[in-house]
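A.B. asks: Return a 3D structure for these sequence lines:
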Amino acid sequence: MSALPNASGKMTEAEYLAFERDRIQTHEFLNGEIVAMSGASAEHNTISGNTFALLWQQRRGGPCRVYGSDMCVRISNTHYTYPDISVVCGEPQIVHDGIVALLNPALIIEVLSPSTERYDRGKKFQSYRELESLQEYVLIAQDSPHIERYVRQEHGFWQFSDVADLAARIELASINCALALAEVYEQVIFLTEGDES
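C.D. replies: Presented below is the predicted three-dimensional model:
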């Protein structure tokens, strides 16, 4: 991600929505700043596509809707973002104010990239926790088979679990699904030490 220059200083929410409405490339909005979302690697796209397809197939015909990276999520009037995957069960709450933005995801999944991993684990997760609807947050590595899962508990606590074996699967209780790592990482080529990135 890279910040776009803004000669007039910080944007308001209304200015961001007007700016984003006519753009082909998506931009995150964070505290008055717009941030261009950069392109993803082949591995990132494969993992994201596999995961989307697995969730869509398992939830097909049910009450949950699976959205890809083009669905904006509104965390607050100062933060709009585009998760790799978001899922809402029941009626989606969507605002149509210049752009379409989801308000009530139950599950958010991010595929980690070298340029965004620190942000996805830190400030972004901190922001996502403001969403009362969010029950699970999942991080998927792209350089090795590894999935991390955070589940909301009582009193604002989040329980952590992870799996790092292609033969394993991870349960996603918030949407009554499971992800088999072998399927999430199907057709992904992991670089070994010494390979060029």
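
A.B. asks: C-alpha only now, for contacts and for neighbours.
C.D. replies: Will do.

A.B. asks: In the chain, where's the longest helix?
C.D. replies: Looking across the chain with DSSP state H, the single longest helix is helix 42-59.

A.B. asks: buried sites along stretch 108-115?
C.D. replies: 108-113 (16 or more other CA atoms under 10 Å).

A.B. asks: name the element the closest residue to V87 other than its chain neighbours belongs to?
C.D. replies: Once flanking residues are discounted, V87 sits nearest to V66: 4.6 Å by CA to CA, 6 or more residues apart in numbering. Using DSSP states H and E, V66 sits within strand 64-67.

A.B. asks: What pairs with the helix or strand just after that strand, parallel or antiparallel?
C.D. replies: On the C-terminal side of strand 64-67, the closest following helix or strand by DSSP H and E is strand 72-76. Sheet pairing of strand 72-76 (DSSP bridges) gives strand 79-81 (antiparallel), strand 100-102 (parallel).

A.B. asks: So for the protein, the centremost residue is which one?
C.D. replies: The chain has P83 as the residue nearest its centroid, 2.6 Å off, counting by CA atoms, centre = their mean.

A.B. asks: What number of neighbouring residues does E117 come out with?
C.D. replies: 16 (other CA atoms under 10 Å).

A.B. asks: M11 against A18, yeah?
C.D. replies: No: using CA atoms under 8 Å, M11 makes no contact with A18, being 10.5 Å away.

A.B. asks: Who is C177 paired with across the strands?
C.D. replies: In this entry, C177 is beta-bridged to L172, by DSSP bridges.
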